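Student: sequence first, then the predicted structure, then my questions.
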Amino acid sequence: MTTEYKKPLPRPIHAKLTAPFWEAAKRHELMLPRCTNCDKFHFYPREECPRCFSQKIEWAKVSGRGRLHSYTIIHQTAQRVFQDDAPHVYAIVQLDEGPRMISNVVDSNMKPMLDGLEMDMPVVAVFDDVTPECTLVKFVKA
């Protein structure tokens, strides 16, 4: 866990709707919403399935495995408070279960992985306990 984390943390607009995601991350598990009508996972969490519009949604644990779909290396951050973390990898990960997630690609020390990135590279979720209340989902090369 990073000591004295002073950067802004994610603030979900719908905290109740996304609570299962954040609670699972604290347990170092990746959970996503799944429609029980069409049996498809989706991300970001929402009240109805983006495919069939059913409101029959449940949360299920997923593998955390996927592939690097797209990425860019950020050298100049939008917020000054993150400038010391630059450069970092802003990535879209295609999860094996279907949905895509935006996250960061890091090495085993939670530092940005700047070398060796390849499109379609296998990745797996890791969990960065930035505060006792907040764990961020990031990805490492599998």
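Tutor: It's in. Numbers count the residues shown, from 1 in each chain.
Student: which element follows the strand ranked longest in the chain toward the C-terminus?
Tutor: Secondary structure of the chain per DSSP state E: the longest strand is strand 65-74. Counting by DSSP states H and E, the next helix or strand C-terminal to strand 65-74 is strand 88-95.
Student: quick one: strands adjacent to that next one?
Tutor: On the basis of DSSP bridges, the sheet neighbours of strand 88-95 come out as strand 65-74 (antiparallel), strand 100-104 (antiparallel).
Student: Lys56: which of the ones you listed is closest?
Tutor: The minimum distance between Lys56 and those falls on strand 100-104, with 22.4 Å, by Cβ to Cβ. For the C-beta atoms, the positions are set from N, CA and C on the backbone; glycine is no exception.
Student: buried residues in that closest one, which are they?
Tutor: By neighbour count, with 16 or more other Cβ atoms under 10 Å as the criterion, the buried positions of strand 100-104 are Arg100, Met101, Ser103, Asn104.
Student: ok, now which ones touch Tyr44?
Tutor: By Cβ atoms under 8 Å, 6 or more residues apart in numbering, the contact set of Tyr44 is Thr18.
Student: likewise for the one 3 residues further on?
Tutor: Glu47 is in contact with Leu17, Gln55, Ile57, counting by Cβ under 8 Å, 6+ apart.
Student: again with Trp22
Tutor: Contacts of Trp22 were listed using Cβ under 8 Å, 6+ apart, and they are Pro12, Cys134, Thr135.
Student: of those, which belong to strands?
Tutor: Using DSSP E, the members of the contacts of Trp22 that fall within strands are Thr135.
Student: using JSON lines, lay out the contacts of Trp22 together with distance to Met113 and neighbour count.
Tutor: Conversion of these to JSON lines gives the following (distance: Cβ to Cβ, whole Å; neighbours: other Cβ atoms under 10 Å):
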{"residue": "Pro12", "distance to Met113": "27", "neighbour count": "13"}
{"residue": "Cys134", "distance to Met113": "22", "neighbour count": "15"}
{"residue": "Thr135", "distance to Met113": "19", "neighbour count": "20"}
